Each structure stands twice: as structure tokens, then as C-alpha cells.
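Undergrad: Return atomic coordinates for the entry below.
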Amino acid sequence: SIDYSFDAIPLARGLLDPRVLFGAAVLIAWGAALAVTWRRAPGAAFACAWIGVALLPVANLIVPIGTIMADRLLYLPSVGVALLAAEGWYALDRRRAASEGEGRGRPAWRAAAVLALIALAGSNILRLREFRDDYTIFRSALAAEPRSVRTLFNYASQCEDRGDDGEAMGAYLKAIALWPGFADAHYNLAGLYARRSDWPDAVEHYREAVRRRPGRVQYLVNLGHALTGARRPAEAVPMLQRALEIDPSSLEAWTNLGAARLAQGDAAGALEAYSRAALLRPGDPDFLGNMALARVRAGDAAGAVSDYRQA
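TA: The predicted model follows:
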């Protein structure tokens, strides 16, 4: 799998967790191997040291890197594993030659190594086929690790791009079930509900996304839009005003505020909001059309005609 995020690998809850004990044993064995080989087998010692040094920057010990575990973090350390395997091979080959005589047994020994390398190369070629596009790799990762919330999220996003909203919705719901606080999943799921005009469910998930990330302007704007769609413009207005406090240049916030004001019957307030959007993007026909609509509702037919002509 390309991702093991959140609870894909449950965190250890104590020092006596078997996985903690096993990890400690591996570290002790690594340190012992380094100490034993330091003078006796400098090549093996170098390989052991390489593994430790290459792992250290991504081990979340020096600084958190945002990834608990990932196969890609092992690319550089695997060089040390390869060196260690070569060193071990060389030592065994010398021992075999000393006991059996020069050249005896080597063909079978080397044939086994060649077959192993061919098998590894073949598995690599098969694996590369899964990287041909984003949809394929995330589907593959999900089959390998179904509890990865990031994989579920990215797979759902790719399903959306392919027009498969049903599959996307199922993946978002699974991600949220694993991690109820996943704001981005709530936000994207709300967008799916909004496309279906299922405004109550859209409002519920947009609101949860906003609760988790109250400073995201786009979350606030879309919550306001969904509340207006659910015929709750009085609740939409404060959300959109909060978005504009954070980003006064948000065209979407001004436009949605205008729509919410219009739904409230406040034509003057709608015209003011639409006018602010038009000022930010002069000459945009959509914004001029919105202003014209607000003027019609306000009874300013002449002004509406002028806006429509400009549009």
C-alpha cells in the first residue's frame, strides 16, 4: 500500500505491547550487529550503519514528518539491506569454497540468486502496472489496506472525477466512519449531497467540516450556499459574513451572500453584495446579471435594463 494513515496500523498503547517489544528487539539486534561487525567485518558494519542513518530523518524522532509509515521511506535504507546481503553472500561463498573446494557448488548457488532476482524484478514490473494513473493506484492501495483513510479519500476523489458519485460517496462514508474528525471528507461528501440537491445532508456535513476547521473560507461559503438551498437563508448570512471577515476579496462569498439576502427578501442587501462582487471583477457578465436581478426585485427596472445591456 502507498499509505497507512490514521488507524490502518493501530497505535501501540503501552510499552508491553508485543509490537513495541518486537521493535525494541530489532533495535537491540541492529545495535549488537553494528558493534560485533565494527572491526571484524567493516563492510557489514557500514551496511548496518547506512540503514540506521538513512532511516533516522524519516523516523519521526528528530522531527515529525506527517507520515507514520510508508514503503517509500525505505527506498534509501534498502541500499544498506542490499549491501548487507552482498556482504553476507560473499562471506558464505568464501566459507563454502574453503570447505568444498574452489568452484564446487557455485553454479547452483548462483542460479538460486539469479532466480530470486528475476522473481523480485517480475513482482516490481507487476507492481508498476498499478501506477499507470491515480485511480488505479488508489484502488490497488485500498485493496491492500482498506482502513487507510487517506486512501479512501483519494479513491473517492478519483471516483468523483470519473463520474461515479455512488462509489465516491461510499468511500467518503467509510473514511468518516474510521475518522469522524476528517474535515476534508465531510466537505467533499457534502459536495456530493449538494449536487443531488440533498440540502439537509449537505448542510450536516458542511457544518461538521466547518466545526473541525472554522477558518476555512471555502467551507463557510459552501455551508452558506447549502443553507440557502435548504431555504434557511437567515442561517446562511452569518456564515457568509464570517467568511468575508476572513477574506473580504472572496467573490464566492459575496455572490452567495447576495443570493441569501435575496432569498430573505432583502433586495437592497442583495444588490450591495452583488455590487461588491462586481467591483472585484469589473465587467463580468454573471455579476452584472446578478445585480440586474436584485434591481428587478427592488423595483429598479431602468437600472436592471442597464445592467442586462452591459452583461
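
Undergrad: okay, Y90: pLDDT?
TA: At Y90, the pLDDT value in this model is 85.

Undergrad: Now it: which helix or strand?
TA: helix 77-100 (DSSP states H and E).

Undergrad: Packing partners of that helix?
TA: Helices and strands touching helix 77-100, by 3 or more C-beta pairs under 8 Å, 6 or more residues apart in numbering; DSSP states H and E, are helix 42-55, helix 106-128. From N, CA and C alone the C-beta is placed, and that goes for glycine too.

Undergrad: P285: neighbour count?
TA: 11 (other C-beta atoms under 10 Å).

Undergrad: before we move on, what about A111?
TA: Around A111 there are 10 residues (other C-beta under 10 Å).

Undergrad: In contact with it, which residues are there?
TA: For A111, no residue meets the contact criterion (C-beta atoms under 8 Å, 6 or more residues apart in numbering).

Undergrad: and the gap between it and R132?
TA: 33 Å (C-beta to C-beta, to the nearest Å).

Undergrad: what does R19 give?
TA: 34 Å.

Undergrad: One more: G88?
TA: For G88, the distance to R132 - C-beta to C-beta - is 36 Å.

Undergrad: With neighbour numbers in mind, choose between the two.
TA: Ranked by neighbour count (other C-beta under 10 Å), G88 and R132 place G88 first, with 14 against 9.

Undergrad: what's near enough to touch the residue lying closest to that one once chain neighbours are set aside?
TA: Excluding the flanking residues, the one nearest G88 by C-beta to C-beta, 6 or more residues apart in numbering is A44, at 7.4 Å. Residues counted as contacts of A44 (C-beta under 8 Å, 6+ apart) are 33, 37, 84, 87-88.

Undergrad: Just the closest of the residues you listed to A259, please.
TA: Nearest to A259 among the contacts of A44: L84, at 65.3 Å, using C-beta to C-beta.

Undergrad: in what helix or strand does I62 lie?
TA: Secondary structure from DSSP H and E places I62 outside every helix and strand.

Undergrad: I'd say it and L56 touch.
TA: Yes - between I62 and L56 a contact is recorded at 6.6 Å, counting by C-beta atoms under 8 Å.

Undergrad: I'd say I51 and G31 touch.
TA: No - if you go by C-beta under 8 Å, I51 and G31 don't touch, sitting 11.5 Å apart.
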